[in-house]
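J.: My questions are about this predicted structure, shown below with the sequence.
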Amino acid sequence: MTEVLHELLRGSLDHCVKCTICETACPFSNATPLFPGPKYAGPQAERYRVEDEPSVEWSVDYCSGCGICTQVCPQGVKIAELNAQARHKRKQESGVPLRDRLIARPTVLGRLGTPVAPLANATLRSRPFRAAVERAFGVHRDAPVPRFAGRTFRSFARRHSSPPASRRVVYFHGCGTEYYEPDVGEKTVAVLEHNGFQVEIPKQGCCGLPLQSNGLFDDARKYVLRLARALAPQARDGALIVGNATSCTLMLKREAREILGLADDPELKLVSERTYDVCELLLELHDRGELKTHMQPVNEVVAYHAPCQQQGHWIGKPALELLDLVPGLEVRELDARCCGIAGTYGLKREKYDIAMATGADLFRQIGASQAGSVACDSETCRWQIEHATNKPSAHPIELLHRAYGLPPAGADSKRSTLRGVMTRNVERVRNRART
Amino acid sequence: MAGLSTDVLVIGGGATGAGVAWDAALRGLHVVLADRADLGEGTSGRFHGLLHSGGRYVVKDPLAAEECIAENRILRRIAADCIEDTGGLFVTTPSDDPAYAERFAEGCRATGVDCEEVEPAEVLREEPRLHPGISRAFRVPDANIDAWKTAWALARGAHERSGARVLPYHAAEAIHRRGDQVVGARLRDVRTGDELEVEARVTVNATGAWAGRIAGLAGIEGVRVLPGRGIMIAMNHRLVNTVVNRCQMPTDGDILVPIRTVCVMGTTDVHTDDPDDQTVAEDEVQAMLEDGERLVPGFRRARALRVWTGVRPLFQDTKEGVASTRDVTRAHTLLDHAERDGVGGFVTITGGKLTTFRLMAEETVDAVCRHLGEERPCTTATEPLPGSEDGEHYMLGERLARREDGLLDDQLVCECELVTRRKLEEAMRRRGTSNLDDFRRVLRLGMGPCQGGFCMYRAAGIMHGLDGMSAEQANAALLGFLVERWKGVWPILYGDQLRQARLDDWIFQGVLDVGHLRE
């Protein structure tokens, strides 16, 4: 942490007029008394923090880091960022449990599970095994865990060569795409190529966000800087960076610089300035009249949930406008704030119930929407939504992919069917309902 | 009319008066301690909170420096819980004469003030807000001290040790003399109008800037205190965590003291004729903010919470022929009126600074014992105050830690200063006062960023519910506090605090319509 940056964040507490808008909006303090709320943990408690005194706060660990407080603050207080730093200090002093060290490393889990996917998936869905894991590690037995795809997105990327085009982008796919949803990555690439982008996919790792939200700042810094090094060369040549994992792109755009104090790193700065959310990029293209709008009808009703971290991009809800272009598609915008999972928060034994209570509004709205499926930009939110509502969910880009009538993803993979990921997700949910 | 009889009547409940009460009680004397307002309501509670290391005086007034460092060491032991050990710095900013640093270091060596020169780069790492152009820096044992907590610990200790009566809101109406002997005083409870006769073997005038008036009541002439008023500005949060002094000849606006959740910029020195003068002049505020910029660039853009005026007593003896009795280098003055005026049973203590209150009390009670003709040695240098027995200094995070402990079973009333409902109700029962400002001093209620905007209506409601106070009384308490807070806010209404004041105004005028409350 550079002192200057911390002082800037800390200085923002001067703008707090105690209006309580953040606490009204905080999905977590409204669900549990264990987190007294962002105003308390942020601008209020910050006045009592001195570098060389030990952290005295246990409650800040119940902040999920969703960032809604900072988004809604009309005065510009960096509430979530202050809370993240307080949580980090707390974790540094009290120690980070093995569980948090593991679930914060999707690349490690992904590498372990991918080669033995069928076995790993079956094991992760075995009740006795999950009960044992809960007792031993504190990962809640009912918490939603994704399915290993059994192949990596990288294996596709290695074989894939994007046709030359005038516009170049670097695709940042994130760990969810790499190990669990390579289909989403393939479709993202296909949609981008369909719209005249040449897509480059450099070898890349985790952005470090789960480490950061679990208070492991040093490791998070290493991860995000390594990622920045991987993405920077193309960015320097003028390419934009585009990603479908909305939390991970937010990490690159803003959070790593503000929360981890990496504002001065030149490569991260470059990457940060050139990073786009995929829907944001496509909507900009559309605004210039350059997005392909010839689409097939998709006669379905879909509910759309904008994840907290997508909202942290300050770009509105570009997915809604893109989905509006799809003929026949009826989109129901949901205004509940949060699904509760917050990356790894809802996986934890002591926080699972809080996460489910936090998401209750959203789940109710989904139920009432009569939509057949849910569109949502973040993979962990999709997994939580599927878990809580038994409705399939998809990234908005998957719906665009269908509407464009592009060839199905995973066509070159033995394990993939030709039925499209939406259908697969329906099966996945049915399987879970059965178990 | 009610009456009391005691060994020592102390008039003036600042740090010095409370210190006299504690000292006398430890020596086994019976004490009555009275103040026209609340303890620490005057000069003691209106300073910047600095426990001097003496560094400020090493060049200008070496004797004062020696007193300060000696008392600093003692108070750290006996009043540990009232003190936060922030440490202090003297820094040479680009606005300061670089030659002073050598004189400063030499002065510290000569007076015994602990001083260590440190690299400016190291200081800037610790205190990144400080001016990056600092050329030299010295570490000294400055600290902060909570004057209200100290005064109440002294008073409580005096009560516990020898049953001292502590009478806030009791003004001295008359001082009784029997010939050449002062024998007591008539006090009036300013809240009820009830009068109280106190018969005392010795009466101590510890009223600081008001000492001339009280001496006058006893028929003593020529006690002239020239009140010097100075403003202080509290900033919304700690811009520094160490006391920072500019390394230059002491002048206006050269100290920034982190105390509790704020830091206080001080101070000015303007002569006034009236010790109750609480003027805050706009040019003084502007000058202070300008001085802040010299220490912490961007100071003007940081949020100022509140400004107030403190009046320091500067003693001048105008009685003919006695000028020589005053030690002109000493910051405080003890007047033994038996020696000075031939009036027994009466002692005046004035001048001085909060850091030396214990020494002033010791000298005063020594004089009291001379009047009584009794040999009673002083023990205040070694006896810890109630609450400070374990010798642990106060830590800024203490309130937050307590709040976290009680998170699930107690409500927060003042969110900024983390005052819980239980704490407030306890204090309300203990103090039996309807003045919300009294709870501010002991609990810091309403002292944070919103300046009571969100806690005052809560506190008034709680008070109303507690002891069957009428709605009109509760309304009056609320309005009284709002008026008091407003005094300190309007002179610094700019930037963030202006926005806060607008919101508070909407709450109180717009939602609660306090302008039309029945009193």
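T.: Alright, I've got the coordinates. Numbers count the residues shown, from 1 in each chain, chains lettered A, B, ... in the order given.
J.: buried ones in stretch B:287-305?
T.: B:288-289, B:291-292, B:294-296, B:299, B:302-305 (16 or more other Cβ atoms under 10 Å in any protein chain shown). Yep, even glycine has a C-beta here, placed from its N, CA and C like the rest.
J.: By residue count, tell me the biggest helix in chain B.
T.: helix B:471-489 (DSSP state H).
J.: hmm, it in reach of chain A?
T.: No - Helix B:471-489 does not reach chain A (Cβ under 8 Å from any Cβ of the partner chain); its nearest approach is 13.2 Å.
J.: elements contacting the helix or strand that that helix is followed by?
T.: Scanning forward in sequence from helix B:471-489 by DSSP states H and E, the next helix or strand is helix B:495-505. Other elements packing on helix B:495-505 under the criterion 3 or more Cβ pairs under 8 Å, 6 or more residues apart in numbering or on different chains; DSSP states H and E are strand B:304-317.
J.: Could I get the average pLDDT for the strand it packs on?
T.: Mean pLDDT, strand B:304-317: 91.
J.: So in that sheet, which strands flank that strand, and in what orientation?
T.: Partners of strand B:304-317 in the sheet, by DSSP bridges, are strand B:223-235 (antiparallel).
J.: what are the phi and psi angles of the closest residue to A:His401 other than its chain neighbours?
T.: Nearest non-adjacent residue to A:His401, counting by Cβ to Cβ, 6 or more residues apart in numbering or on different chains: A:Lys187, 4.0 Å away. Dihedral angles of A:Lys187 (phi, psi; degrees, to the nearest 10) stand at phi -70, psi -40.
J.: Pretty sure A:Lys187 sits against A:Leu399.
T.: No - under the criterion of Cβ atoms under 8 Å, A:Lys187 makes no contact with A:Leu399, lying 9.6 Å away.
J.: More neighbours: the two, which one.
T.: Neighbour tally, A:Lys187 and A:Leu399, criterion other Cβ atoms under 10 Å in any protein chain shown: the higher count belongs to A:Lys187, 29 against 25.
J.: Whichever residue of the stretch 51-200 of chain A sits closest to chain B: what secondary structure?
T.: Of all residues in the stretch 51-200 of chain A, the one sitting closest to chain B is A:Val56 (3.7 Å; Cβ to the nearest Cβ). Under DSSP: H, G, I helix; E, B strand; the rest coil, the three-state class of A:Val56 is coil.
J.: count of residues packed around the nearest residue to it once chain neighbours are set aside?
T.: The shortest distance from A:Val56 to any non-neighbouring residue, by Cβ to Cβ, 6+ apart, is to B:Ala401 (3.7 Å). As a burial measure, B:Ala401 scores 17 neighbours (other Cβ under 10 Å).
J.: you'd agree B:Ala401 is in a strand?
T.: No - assessed with three-state DSSP, B:Ala401 is helix; it does not lie in a strand.
J.: Distance check, it against A:Pro54.
T.: 9 Å (Cβ to Cβ, to the nearest Å).
J.: Quick one: find the helix or strand in the chain with the lowest mean pLDDT.
T.: Using chain A here. Across the helices and strands of chain A, mean pLDDT, DSSP states H and E gives its lowest value to helix A:420-434, namely a mean of 55.
J.: Not quite, go with chain B.
T.: strand B:270-271 (a mean of 88).
J.: what does the stretch 1-150 of chain A have sitting close to chain B?
T.: Near chain B, when you scan the stretch 1-150 of chain A using Cβ under 8 Å from any Cβ, you find A:3-4, A:6-7, A:10-11, A:13-19, A:33-34, A:36, A:39-40, A:43-51, A:53-59, A:75.
J.: what about 6 Å?
T.: With Cβ under 6 Å from any Cβ of the partner chain as the criterion, the stretch 1-150 of chain A meets chain B at residues A:3-4, A:7, A:14-15, A:17-18, A:33, A:44-45, A:47-48, A:50, A:53, A:56-59.
J.: Pull the contacting residues for the closest residue to chain A within the stretch 201-350 of chain B.
T.: Closest residue of the stretch 201-350 of chain B to chain A, Cβ to the nearest Cβ: B:Arg303 (3.7 Å). Contacts for B:Arg303 were tallied using Cβ atoms under 6 Å, 6 or more residues apart in numbering or on different chains; they are A:14, B:236, B:496-497.
J.: The same query, at a cut-off of 7 Å, please.
T.: By Cβ atoms under 7 Å, 6 or more residues apart in numbering or on different chains, the residues touching B:Arg303 are A:14, B:235-236, B:495-497.
J.: B:Arg431: neighbouring residues, count only.
T.: B:Arg431 has 14 nearby residues by other Cβ under 10 Å.
J.: Wait, A:Pro43 touches A:Val77, no?
T.: Yes - the pair A:Pro43 / A:Val77 is scored as a contact, 5.4 Å apart, by Cβ atoms under 7 Å.
J.: Neighbouring strands - and their directions - for the least confident helix or strand of chain B?
T.: Strand B:270-271 sits in its sheet next to strand B:223-235 (antiparallel), going by DSSP bridges.
J.: which parts of the strand it pairs with are buried?
T.: Those would be B:223, B:225, B:227-235, for strand B:223-235 by 16+ other Cβ under 10 Å.
J.: so where do the strands sit in the stretch 1-150 of chain A?
T.: Along the stretch 1-150 of chain A, no stretch is classed among the strands by DSSP state E, counting those that start in this stretch.
J.: To clarify, my last question referred to the stretch 351-500 of chain B.
T.: B:412-414, B:419-420.
J.: Of those strands, which is nearest B:His176?
T.: strand B:419-420 (41.8 Å; Cβ to Cβ).
J.: Quick one: distance of that closest one to the chain centre.
T.: How far strand B:419-420 lies from its chain's middle: 22 Å, per Cα atoms, centre = their mean, to the nearest Å.
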